[in-house]
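Enquirer: Kindly return the folded structure for what I paste below:
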Amino acid sequence: MPILSYLVGKTRKLGLGATRSTTYYEPAHIAREFATLDHLSKGRAAWNIVTSMNDSEGRLFGKDKHLEHDLRYDRADEFVEVALKLWNSWDKDALKLDRESGVLADPGLIRSVQHQGEWFKVEGPLNIPRTPQGRPVLIQAGSSGRGRRFGARWAEAIFTIHPHLVAMRAFRDDVRTQVEQQGRDADSCKVLTAVMPFIGGSEAEARAKRDRHNALARPELGLVTLASQLNVDLSPFALSATLAEVAESPLIHAAAAEKLLMQGPETTLEQLGRIFASSVRVPQLVGTGAQVADQLAELFEQGGCDGFVISPAYLPGSFTEFVESVIPHLQRKGLFRTAYEGSTLREHLGLADLPG
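Expert: Alright, predicted model coming up:
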């Protein structure tokens, strides 16, 4: 958050998002932090909502064990509900700043918050006025069944990773259906899928970059990342074990088994470990700037996503290459802006204004 506050003064249009966990914070912390960032940035704040992943994080916060998967989302549902009540406790016109009459704010436009639920007891209102966006843009990345239901209820942008167009489109269609079942407009939630571009002056050069990068991947290191994300110990299993075999083990909890089987039951731990080490499952796009732009255009136009998260294979070059080599081709196709038309992140994402 201090870095984002610094970037407020160095940028004019970029959205500024931070990740905060609903498991190890309180709603008032989140409401105050992001209201402040939204005011400082004049409406460019975003909150990436996570529930955290593993027992080691719980121990860092003095808990013997991390909350069970679905309970984390139950707490998160109520957490977001409370945060929204706090952000909405000030009407848009409540702050008067009238020096002549000595009126700071109209108390009739500030609502009391009296929340008492299973997880939280909160008395408001928030002691920060309504922000330029009304609240930060809400981002989420849950892929489990429970995580998708949470995202469909609250998220305005969802980060996701899928290996190919068919899987991307199936996920987006499912999200849009669930968003509508929550009584929301399907377009009120943008699905942003991750890609990892390897760009060269020729296709051969780009393939050589990718191959050099992937040759560095060690499956054991990828499995460390995977085990952390799943909150399980994978060390008892042989690298040759299939994910179906691992998922059947009593050492693997149900949520982890579900996520493992999504990668293909016949996939081995070694294969998945190598994928995690090289790209954390993010699909790799290879080619010249024009070719990568064509690949992105196809995924977008075929309904695979509403936009992209560009995952860098290496730094600092990946982003520079993408901006210089791919963006101009997307602009010529009419698929990327040539200038910002709004000032807030909500406007940049094509999200409707909030009632205030």
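
Enquirer: Where does pLDDT dip in the stretch 1-150 of the chain?
Expert: Applying pLDDT under 70 to the stretch 1-150 of the chain flags no residue at all.

Enquirer: what ranges do the helices span in it?
Expert: Assigned by DSSP state H, counting those that start in this stretch, the helices in the stretch 1-150 of the chain fall at 2-8, 27-41, 55-60, 69-87, 145-154.

Enquirer: Now tabulate those helices in a markdown table and tack on mean neighbour count and distance to residue 324.
Expert: Just so you know, the C-beta spots here come from the backbone N, C-alpha and C atoms, and that holds for glycine as well. Converted to a markdown table, the helices of the stretch 1-150 of the chain look like this (neighbours: other C-beta atoms under 10 Å; distance: least, C-beta to C-beta, whole Å):
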| stretch | mean neighbour count | distance to residue 324 |
| --- | --- | --- |
| helix 2-8 | 12 | 21 |
| helix 27-41 | 21 | 26 |
| helix 55-60 | 14 | 38 |
| helix 69-87 | 21 | 38 |
| helix 145-154 | 21 | 33 |
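
Enquirer: Residue 294 is nearest to which of these?
Expert: The closest of the helices of the stretch 1-150 of the chain to residue 294 is helix 145-154. By C-beta to C-beta, the value is 29.5 Å.

Enquirer: thinking again about what came up before, mind checking the helices of the stretch 1-150 of the chain for the one nearest to residue 181?
Expert: Closest approach to residue 181 among these is made by helix 145-154 (7.1 Å; C-beta to C-beta).

Enquirer: How about residues contacting the closest one?
Expert: With contacts defined as C-beta atoms under 8 Å, 6 or more residues apart in numbering, helix 145-154 is touched by 49, 69-70, 73, 76-77, 80, 138, 140-142, 158, 174-175, 178-179, 181-182, 184, 189, 255, 258.

Enquirer: From those residues, which land in strands?
Expert: Residues of the contacts of helix 145-154 located in strands (DSSP state E): 49, 138, 140, 158.

Enquirer: could I get the residues you listed as a markdown table with distance to residue 274 and neighbour count?
Expert: As requested, these are exported to a markdown table (distance: C-beta to C-beta, whole Å; neighbours: other C-beta atoms under 10 Å):
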| residue | distance to residue 274 | neighbour count |
| --- | --- | --- |
| 49 | 30 | 24 |
| 138 | 34 | 21 |
| 140 | 28 | 25 |
| 158 | 27 | 26 |
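
Enquirer: possible to save the residues you listed as TSV with distance to residue 316?
Expert: Formatted as TSV, the ones in strands among the contacts of helix 145-154 follow (distance: C-beta to C-beta, whole Å):
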residue	distance to residue 316
49	28
138	29
140	28
158	27
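
Enquirer: Just name the closest of those residues to residue 41, please.
Expert: Closest approach to residue 41 among the ones in strands among the contacts of helix 145-154 (C-beta to C-beta): residue 138, at 16.0 Å.

Enquirer: residue ranges for the strands of the stretch 201-350 of the chain, please.
Expert: With DSSP state E, counting those that start in this stretch, the ranges of strands along the stretch 201-350 of the chain come out as 284-287, 307-310.

Enquirer: out of these, nearest to residue 194?
Expert: With C-beta to C-beta as the criterion, residue 194 lies closest to strand 307-310 of the strands of the stretch 201-350 of the chain, at 4.3 Å.

Enquirer: For the closest one, name the packing helices and strands.
Expert: strand 190-199, helix 289-301, helix 317-325 (3 or more C-beta pairs under 8 Å, 6 or more residues apart in numbering; DSSP states H and E).

Enquirer: If we use 7 Å, what do you get?
Expert: Other helices and strands packing on strand 307-310, by 3 or more C-beta pairs under 7 Å, 6 or more residues apart in numbering; DSSP states H and E, are strand 190-199.

Enquirer: angle of the strand it packs on against helix 317-325?
Expert: 90 degrees (axes from the mean of the first three to the mean of the last three C-alpha atoms, to 10 degrees).

Enquirer: from now on call the first residue 36
Expert: Okay, using 36 as the starting number, the last item reads as strand 225-234.

Enquirer: For strand 225-234, output the C-alpha coordinates as PDB.
Expert: The C-alpha trace of strand 225-234 is given here as PDB (Å, rounded to 0.1, in the frame of the first residue of the first chain):
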ATOM      1  CA  LYS A 225     -15.000  -8.900 -16.400                       C
ATOM      2  CA  VAL A 226     -13.100 -12.200 -16.900                       C
ATOM      3  CA  LEU A 227      -9.400 -11.500 -17.400                       C
ATOM      4  CA  THR A 228      -7.400 -14.600 -18.400                       C
ATOM      5  CA  ALA A 229      -3.600 -14.800 -17.900                       C
ATOM      6  CA  VAL A 230      -1.200 -15.300 -20.800                       C
ATOM      7  CA  MET A 231       2.600 -15.400 -20.900                       C
ATOM      8  CA  PRO A 232       4.000 -14.000 -24.200                       C
ATOM      9  CA  PHE A 233       7.300 -14.800 -25.800                       C
ATOM     10  CA  ILE A 234       7.900 -12.200 -28.500                       C
END
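
Enquirer: List the contacts of residue 128.
Expert: residue 144 (C-beta atoms under 7 Å, 6 or more residues apart in numbering).

Enquirer: From residue 342, how far out is it?
Expert: Per C-beta to C-beta, to the nearest Å, residue 128 is found 33 Å from residue 342.

Enquirer: where along the stretch 186-335 of the chain do the helices fall?
Expert: 200-216, 238-250, 254-265, 278-282, 289-296, 304-314, 324-336.

Enquirer: could the ones you listed go into TSV alongside mean neighbour count?
Expert: Formatted as TSV, these follow (neighbours: other C-beta atoms under 10 Å):
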stretch	mean neighbour count
helix 200-216	17
helix 238-250	15
helix 254-265	18
helix 278-282	19
helix 289-296	18
helix 304-314	21
helix 324-336	19
